[in-house]
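1. quick one, structure for this:
(one chain, ligands or ions: 1)
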Amino acid sequence: MEGDQTVVCSLLTVDLNDYCYRVCTRCDRVLPGDNNGVFSSSSSFCTFCNSKQPKLLYRILMSIATDTSVKTVVCFDRAATVLFGCSADEFFHFTKLNPLAASMVNQVLDGEMFRMTLNRPRNGNAQHMRVTSVVPLRSGFQPAIVTLTQLCTKNASLGTPTHSS
Ligand SMILES: [Zn+2]
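-> Residues are numbered from 1 along each chain as shown. Below you'll find the predicted structure:
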């Protein structure tokens with residue numbers, strides 16, 4: 001398909017300031033987010049179908065380095081799940097229990113090599129190429145949530161206070 005390209009790249013940074021958005025599970029409409037990426041219960045109500053069953057989906061900006069250039073790409077739910085190893089809802093919950101986890105994602109994924117398929121959206125307003133598939137190239141690759149869980153468990157055993165229930 002025209003516009004698709006497959007690149008081998010290393011991951012430089014993942015922007016986790018605004019890494020997910022919320023949709024209604026019943027009608028799939030995007031629900032308005034609150035400021036600062038904080039989701040309160042008041043905005044989880046779908047005004048179209050009256051459902052109160054929202055879910056989070058990933059939408060992550062990340063910089064990658066290919067052998068020729070550095071570029072910023074946007075990674076949606078299916079591809080991001082490969083990197084994180086869990087749903088956006090699970091990751092959001094995990095970062096609530098482990099507030100440092102989001103800032104540790106970059107340490108965990110930094111420099112990992114991937115083969116990514118990039119697609120240039122037809123929408124001329126879209127700024128960034130989107131990642132349509134991600135294949136980790138390192139044989140020992142672990143999704144971020146696996147490594148983060150190990151790190152946070154180790155911290156807990158060293159006496160760092162945690163808020164796990
Ligand atoms: Zn709805």
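2. can you give me the offset of the lowest-mean-pLDDT helix or strand in the chain from its chain's centre?
-> Least confident helix or strand, the chain: helix 144-157 with a mean of 86, by mean pLDDT, DSSP states H and E. Computed by Cα atoms, centre = their mean, to the nearest Å, the chain-centroid distance of helix 144-157 equals 18 Å.
3. just checking, what packs against that helix?
-> helix 77-84, helix 88-97, helix 101-109 (3 or more Cβ pairs under 8 Å, 6 or more residues apart in numbering; DSSP states H and E). Bear in mind the C-beta positions are built from the backbone N, C-alpha and C, glycine included.
4. ranking these by burial, who's on top?
-> Greatest average neighbour count among these goes to helix 77-84 (a mean of 20), per mean count of other Cβ atoms under 10 Å.
5. packing partners of that helix?
-> strand 54-65, helix 88-97, strand 129-136, helix 144-157.
6. which residues does the last one contact?
-> Okay, so that is helix 144-157. Residues outside helix 144-157 that contact it (Cβ atoms under 8 Å, 6 or more residues apart in numbering) are 83-86, 90-91, 94, 98, 100-101, 104-105, 108-109, 162, 164.
7. hey, C-alpha coordinates of that helix in PDB?
-> The C-alpha trace of helix 144-157 is given here as PDB (Å, rounded to 0.1, in the frame of the first residue of the first chain):
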ATOM      1  CA  ALA A 144       7.400  -2.500  29.700                       C
ATOM      2  CA  ILE A 145       4.800  -3.700  32.300                       C
ATOM      3  CA  VAL A 146       6.800  -6.900  32.900                       C
ATOM      4  CA  THR A 147      10.000  -5.000  33.700                       C
ATOM      5  CA  LEU A 148       8.200  -2.300  35.600                       C
ATOM      6  CA  THR A 149       6.400  -4.900  37.800                       C
ATOM      7  CA  GLN A 150       9.800  -6.500  38.600                       C
ATOM      8  CA  LEU A 151      11.400  -3.100  39.400                       C
ATOM      9  CA  CYS A 152       8.500  -1.900  41.600                       C
ATOM     10  CA  THR A 153       8.300  -5.200  43.400                       C
ATOM     11  CA  LYS A 154      12.100  -5.000  44.100                       C
ATOM     12  CA  ASN A 155      11.600  -1.400  45.400                       C
ATOM     13  CA  ALA A 156       8.800  -2.500  47.700                       C
ATOM     14  CA  SER A 157      11.000  -5.200  49.100                       C
END
